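Enquirer: Quick one, fold the following:
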Amino acid sequence: MILDLTQLALLGILCASIHWLVARSEIAKPFWSRTSGWLAKLLACAGCSGFWLGAISGVTNLVAPVAFNAVGSPTWLSFGFLVAQTFITGVLGIFVTPIFESLLLWGLSASALQDDVDEDDAPEPAAPRLNQDAIDTPVSNPSRRRP
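Expert: Numbering: from 1, shown residues only. As a prediction, the model looks like this:
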């Protein structure tokens with residue numbers, strides 16, 4: 001059994017991106033906001049979704065962070081290696097999906113465009129106070145003034 005770190009990073013990027021796009025993005029909000037029951041719980045948890053997304057990518061052999069040397073082994077043993085690879089990829093998806101999704105959300109918030117305040121929309125400066133008896137600070141409180 002060999003663990004490929006580049007494939008593990010690719011698994012994290014793939015699972016986090018798909019989970020965010022399906023379960024958190026504004027463009028898919030009409031779909032995920034109407035879910036209920038076990039599907040809503042699955043979409044709410046990045047780790048839970050990461051297991052199933054990792055298992056699907058393991059079955060399709062889209063991403064293979066774990067590889068078994070199955071050269072020359074019988075067919076039934078190769079099938080066992082595929083099942084083990086799928087399960088291990090799903091378990092790895094539990095751990096890498098929340099980590100990579102938090103990095104994705106951090107990157108999105110760090111790269112968000114800030115709205116510039118127009119001069120027309122800027123709040124006007126406060127007018128100077130004309131009433132000298134107004135309490136601005138504890139020192140200007142009339143009860144503390146010296147006679």
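Enquirer: Give me the residue at the spatial middle of the protein.
Expert: Centroid-nearest residue in the chain, with Cα atoms, centre = their mean: Glu101, separated by 3.3 Å.
Enquirer: What sits closest to that residue if chain neighbours are left out?
Expert: Ala16 (4.0 Å; Cβ to Cβ, 6 or more residues apart in numbering). Every C-beta, even on glycine, is put in place using the N, C-alpha and C of the backbone.
Enquirer: now the least confident helix or strand in the chain by mean pLDDT, how far from the centre of its chain.
Expert: Lowest on mean pLDDT, DSSP states H and E among the helices and strands of the chain sits strand 66-67, with a mean of 84. Centre-to-centre, strand 66-67 and its host chain are 26 Å apart (Cα atoms, centre = their mean, to the nearest Å).
Enquirer: what residues does stretch 44-62 touch?
Expert: Where contact means Cβ atoms under 8 Å, 6 or more residues apart in numbering, the residues beyond stretch 44-62 that reach it are 11, 14-16, 18-19, 22-23, 41-43, 63-64, 82, 85-98, 101.
Enquirer: doesn't the residue nearest to the centre of the chain fall inside a helix?
Expert: Yes: judged by DSSP: H, G, I helix; E, B strand; the rest coil, Glu101 forms part of a helix.
Enquirer: residues touching it, list them.
Expert: Glu101 touches Ala16, His19, Trp20, Ala46, counting by Cβ under 8 Å, 6+ apart.
Enquirer: what's the pLDDT at it?
Expert: At Glu101, the pLDDT value in this model is 92.
Enquirer: Same question for Thr60.
Expert: Turning to Thr60, the model gives it a pLDDT of 91.
Enquirer: burial measure for it, as a count.
Expert: 10 (other Cβ atoms under 10 Å).
Enquirer: Please apply the same query to Gln114.
Expert: Counted with other Cβ under 10 Å, the neighbours of Gln114 add up to 5.
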